[in-house]
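[1] Show me how the following folds:
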Amino acid sequence: MIEWLKRHARDAVTSVKNPEQHFRSGIILAVVLAVVDRLSKWAILYWVDLPARQKITITPFFDLTMVWNPGISYGLLPANSAWAVAVLVVFALTVVVALVVWLSRIEHRLLAVAVAMVIGGAVGNAYDRAIYGAVADFFSFHAFGYYWYVFNVADVAIVFGVVLLIWDSVFGPSAQSERDKRS
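    Take a look at the predicted model:
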């Protein structure tokens, strides 16, 4: 019985530290997120026709509001020319390539999920920027007269991915290993 438990525990640890499996799963997750983002934007742009309608109130705290974001997060660094759009697209794709290389070396599941989420979101927004010259944002939450930024599925993936990256850097196996070395 003890040997059986040891063997299963060893197999479980091995499966968690499996870069090839994490890479495959991460790429699949990134593709799924990019496709979901693309489908949501297609539905909003062409099925709902939000650009013509501009705003649809869903609940007292949630609207669909059409915003074209020519810049990066929160409209920073607006790309007001074809050249600037091209620079942002190339930058985003360069980051995606670097993240894919990193993903191929990751040994921990949570970190692989985090990186995959950022990849999927970056691809979704880079597609918009390349095709439309700006990113289509449409989810708008608000309460008590305060409006948060308008965002899309890709933005959600990137934000959750970054939160998981921060979590991993503070509480993940590498951070724990560093703390153990200092003790």
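
[2] Poorly predicted segments of the chain, please.
    1, 4-18, 72-81, 175, 177-180, 183 (pLDDT under 70).

[3] Kindly recompute the last result at 50.
    Applying pLDDT under 50 to the chain flags residues 8, 12-13, 15.

[4] Let me see the ranges of the helices in it.
    For the chain, the helices defined by DSSP state H occupy 2-16, 19-42, 50-53, 82-103, 109-132, 153-171, 173-182.

[5] To Phe61, which of those lies closest?
    helix 153-171 (16.8 Å; C-beta to C-beta). (Each C-beta comes from the backbone N, C-alpha and C, glycine too.)

[6] Convert that closest one to PDB, retaining C-alpha atoms only.
    Output in PDB follows, covering the C-alpha atoms of helix 153-171 (Å, rounded to 0.1, in the frame of the first residue of the first chain):
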ATOM      1  CA  VAL A 153     -12.700  38.900 -24.000                       C
ATOM      2  CA  ALA A 154      -9.000  39.300 -24.900                       C
ATOM      3  CA  ASP A 155      -8.600  42.000 -22.200                       C
ATOM      4  CA  VAL A 156     -10.100  39.700 -19.600                       C
ATOM      5  CA  ALA A 157      -7.700  36.900 -20.600                       C
ATOM      6  CA  ILE A 158      -4.700  39.200 -20.400                       C
ATOM      7  CA  VAL A 159      -5.700  40.600 -17.000                       C
ATOM      8  CA  PHE A 160      -6.400  37.100 -15.500                       C
ATOM      9  CA  GLY A 161      -3.200  35.900 -17.000                       C
ATOM     10  CA  VAL A 162      -1.200  38.700 -15.500                       C
ATOM     11  CA  VAL A 163      -2.900  38.200 -12.100                       C
ATOM     12  CA  LEU A 164      -1.900  34.500 -12.300                       C
ATOM     13  CA  LEU A 165       1.700  35.500 -13.200                       C
ATOM     14  CA  ILE A 166       1.900  37.700 -10.200                       C
ATOM     15  CA  TRP A 167       0.300  35.000  -8.000                       C
ATOM     16  CA  ASP A 168       2.900  32.500  -9.300                       C
ATOM     17  CA  SER A 169       5.800  34.900  -8.700                       C
ATOM     18  CA  VAL A 170       4.700  35.400  -5.100                       C
ATOM     19  CA  PHE A 171       3.300  32.000  -4.100                       C
END
